[in-house]
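Visitor: Whatever this is, show me its structure:
(one chain, ligands or ions: 2)
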Amino acid sequence: MASTHAEAQVLVASNRGPVSYTQDDSGGLTAKRGGGGLVSGLSAIGPDAGALWVCSALGDGDREAVRRGVGEPGVRMLDIPADVHHAAYNGVANSALWFVHHMLYQTPLEPVFDAEFRAQWTAYETYNRSFAEALAQEAADGAAVLVQDYHLTLVPRMLRELRPDLRIGHFSHTPWAPVDYFRMLPDDIAAKVLNGILGADRAAFLTRRWADAFTACCHAVLGPDATSGTRIGVHGLGADADFLRARAHEADVDERIVALREQIGTAPDGTPRRTIVRVDRTELSKNIVRGLLAYRQLLDDRPEWRERVVHVAFAYPSRQDLAVYREYTAEVQRVAAEINERYGTPGWTPVVLHVKDDFARSLAAYRLADVALVNPIRDGMNLVAKEVPLVSDRGCVLVLSREAGAFEELGDDAVVVNPYDIGGTAGALHEALSMGAEERTERTKRLTAAATALPPARWFLDQLGELRAP
Ligand SMILES: O=P(O)(O)OC[C@H]1O[C@H](O[C@H]2O[C@H](CO)[C@@H](O)[C@H](O)[C@H]2O)[C@H](O)[C@@H](O)[C@@H]1O
Ligand SMILES: O=c1ccn([C@@H]2O[C@H](COP(=O)(O)OP(=O)(O)O)[C@@H](O)[C@H]2O)c(=O)[nH]1
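Guide: Ligands and ions are numbered 1, 2, ... in the order given. Modelled structure (predicted):
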């Protein structure tokens, strides 16, 4: 295992690592798989690949694990001071950069680039420097380093200055903002973010659309020659079919299917109720509330679906240090309760909402899905859109936002929606629920092929190959 000083030939750097630790009252540490698509993609590489994964301690449990020397093979967790991490992760990365790339600023959520933000920016620089120094220390001569995402935009240039011998790649898992939106950032910071990434030999993205937006921002902010020293690439991360299909048939998932079937119940004619399934982090860009409003409109416009369908919505906790995420979770709960109050009957709960994460239960929902609802305002890729059709036992129909990166690959076989259009989304849900069995089967076959075209292990190796190419 390549984990000693200056021996690692391949290094990956990301804020979130493969597992996170929690500490119980008696001091014991429990490891839990990190949530979200970046971890789903990178975990598939596995410790056997010999890569060293440098990540950040995210909470007290992780910090305790670092202090005790507890950890996964092939993983180095950096114990960056909690206040620096908080300012960099919540203040800069998940507020300013996430909001710009996902175009989430709208009244009353306005950008505030004031003195507090400047202090957070200084922390973001410190945080990035910690990664650059750790990578410089760990990397063997001429090693390949793959830096992940908007948390670490400054690392490529910092690392190049420390270690000019390295091959450095940067990969963005988010969309990239259009020029006019990106330029909401203060000019000096916009330039630093772009120049930081351009310190890499290669900058890669999930879709051509995001890659082109990045190039356009570089040209607009830095000038027409800005990208001449950096190759720009596209690698559309796919789902890990072998892992998911096997995991979705383990005993704990079967147990949860029984419980979930009970909650879903049967229609008045005795057949199992149809399901519209969604699984997301409780994340503003995932557009969960508009999805619920579209479902409410479906029940209004098409009363024939009442008692015959259930919206299974799993919204697992994310970024709870940010007030706007906590408020969004409350809003999701409020709208779901309102729908249940208005339409529910003694034997029918129209929305089954769970806000605590449970991967086995998520897979149980995938298996029971007749329709998968994926309607983000913007999304780098959205792996859930790729995962549900290949795991569902029912040949599920995908209702997909045209603003998800996955649309580029899955759009032809999905029922496509404008995520802001609640009426249009209600219509799409009706179309999906009404689709005949033969068409569903045909679409599922094509969706599954597209969703698995670039499995995570190959996605990673392709990038490595391109980075090492002369
Ligand atoms: O680490 P968190 O703050 O809990 O957030 C989870 C991840 O969210 C974002 O994931 C993105 O990556 C996926 C895989 O490429 C992609 O399918 C999805 O569209 C993106 O939203 C974020 O970019 C990651 O850094 C986070 O770990
Ligand atoms: O309880 C769950 C349910 C889902 N996922 C995984 O989280 C990822 C979500 O990735 P996606 O690209 O859809 O969105 P992100 O959360 O990264 O923005 C998927 O691979 C899911 O399998 C998870 O970790 N825990």
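
Visitor: now residue 86, nearest residue through space, not along the chain?
Guide: Computed as C-beta to C-beta, 6 or more residues apart in numbering, the closest residue to residue 86 that is not its neighbour in sequence is residue 321, at 6.9 Å. Where C-beta positions appear, they are placed from N, C-alpha and C, glycine not excepted.

Visitor: again but with residue 14, I slipped
Guide: Leaving aside its sequence neighbours, residue 14 sits nearest to residue 148 (C-beta to C-beta, 6+ apart; 3.8 Å).

Visitor: Hmm, residue 169 and the one you found touching each other?
Guide: No - with contact defined as C-beta atoms under 8 Å, residue 148 does not reach residue 169; the gap is 9.4 Å.

Visitor: In contact with residue 266, which residues are there?
Guide: 272-273 (C-beta atoms under 8 Å, 6 or more residues apart in numbering).

Visitor: If you could redo that for residue 184, that was the one I meant.
Guide: 100, 105, 111.

Visitor: which among those residues end up buried?
Guide: Buried subset of the contacts of residue 184 (neighbour count, 16 or more other C-beta atoms under 10 Å): residue 100.

Visitor: Same list as before, the contacts of residue 184 that is, but in TSV and with secondary structure, pLDDT and distance to ligand 2 included.
Guide: Converted to TSV, those look like this (DSSP: H, G, I helix; E, B strand; the rest coil; pLDDT from 0 to 100; distance: C-beta to the nearest ligand atom, whole Å):
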residue	secondary structure	pLDDT	distance to ligand 2
100	helix	95	16
105	coil	87	18
111	coil	90	21
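
Visitor: So the residue nearest to residue 86: helix, strand or coil?
Guide: Secondary structure, DSSP: H, G, I helix; E, B strand; the rest coil: residue 321 is coil.

Visitor: and if you look at residue 297?
Guide: Classified using three-state DSSP, residue 297 is helix.

Visitor: Helices along the stretch 301-450 of the chain, start to end?
Guide: Using DSSP state H, counting those that start in this stretch, the helices found in the stretch 301-450 of the chain span residues 323-343, 359-367, 383-391, 407-410, 422-434, 437-451.

Visitor: With mean neighbour count and distance to residue 296 added, can I get the ones you listed in JSON lines?
Guide: As requested, the helices of the stretch 301-450 of the chain are exported to JSON lines (neighbours: other C-beta atoms under 10 Å; distance: least, C-beta to C-beta, whole Å):
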{"stretch": "helix 323-343", "mean neighbour count": "15", "distance to residue 296": "5"}
{"stretch": "helix 359-367", "mean neighbour count": "22", "distance to residue 296": "20"}
{"stretch": "helix 383-391", "mean neighbour count": "27", "distance to residue 296": "22"}
{"stretch": "helix 407-410", "mean neighbour count": "22", "distance to residue 296": "25"}
{"stretch": "helix 422-434", "mean neighbour count": "20", "distance to residue 296": "8"}
{"stretch": "helix 437-451", "mean neighbour count": "16", "distance to residue 296": "25"}
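
Visitor: May I see those helices organised as JSON lines, with distance to ligand 2 and mean pLDDT added?
Guide: Compiled in JSON lines, the helices of the stretch 301-450 of the chain are given as follows (distance: least, C-beta to the nearest ligand atom, whole Å; pLDDT from 0 to 100):
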{"stretch": "helix 323-343", "distance to ligand 2": "13", "mean pLDDT": "97"}
{"stretch": "helix 359-367", "distance to ligand 2": "4", "mean pLDDT": "98"}
{"stretch": "helix 383-391", "distance to ligand 2": "4", "mean pLDDT": "98"}
{"stretch": "helix 407-410", "distance to ligand 2": "12", "mean pLDDT": "98"}
{"stretch": "helix 422-434", "distance to ligand 2": "18", "mean pLDDT": "98"}
{"stretch": "helix 437-451", "distance to ligand 2": "11", "mean pLDDT": "96"}
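
Visitor: Is ligand 1 within reach of the longest helix along the chain?
Guide: Longest helix in the chain by number of residues (criterion: DSSP state H): helix 115-138. No - against ligand 1, helix 115-138 shows no contacts by C-beta under 6 Å from any ligand atom, the least distance being 13.6 Å.

Visitor: sorry, back to before: could you give the bridge partners of the residue nearest to residue 14?
Guide: residue 171 (DSSP bridges).

Visitor: For it, report the pLDDT, please.
Guide: pLDDT recorded at residue 148 is 98.

Visitor: Torsion angles phi and psi at the residue nearest to residue 86?
Guide: Backbone torsions of residue 321, given as degrees, to the nearest 10, read phi -70, psi -20.

Visitor: surely it meets residue 85?
Guide: No - using C-beta under 8 Å as the test, residue 321 is too far from residue 85 to be in contact (10.3 Å).

Visitor: neighbour-wise, which of these two wins?
Guide: Neighbour count, other C-beta atoms under 10 Å: between residue 321 and residue 85, residue 85 has more, with 24 against 12.

Visitor: hmm, the host helix or strand of that one touching ligand 1?
Guide: Taking DSSP states H and E as the criterion, residue 85 maps to helix 82-86. No - using C-beta under 6 Å from any ligand atom, no contact is recorded between helix 82-86 and ligand 1, whose separation bottoms out at 11.8 Å.

Visitor: so for that helix, what's the average pLDDT?
Guide: Helix 82-86 shows a mean pLDDT of 97.

Visitor: which residues are contacting that helix?
Guide: Contact partners of helix 82-86, identified using C-beta under 8 Å, 6+ apart, comprise 56-58, 63, 123, 126-127, 130, 321.

Visitor: and the two most separated of those residues?
Guide: Maximum pairwise distance among the contacts of helix 82-86 (C-beta to C-beta): 19.5 Å, between 130 and 321.
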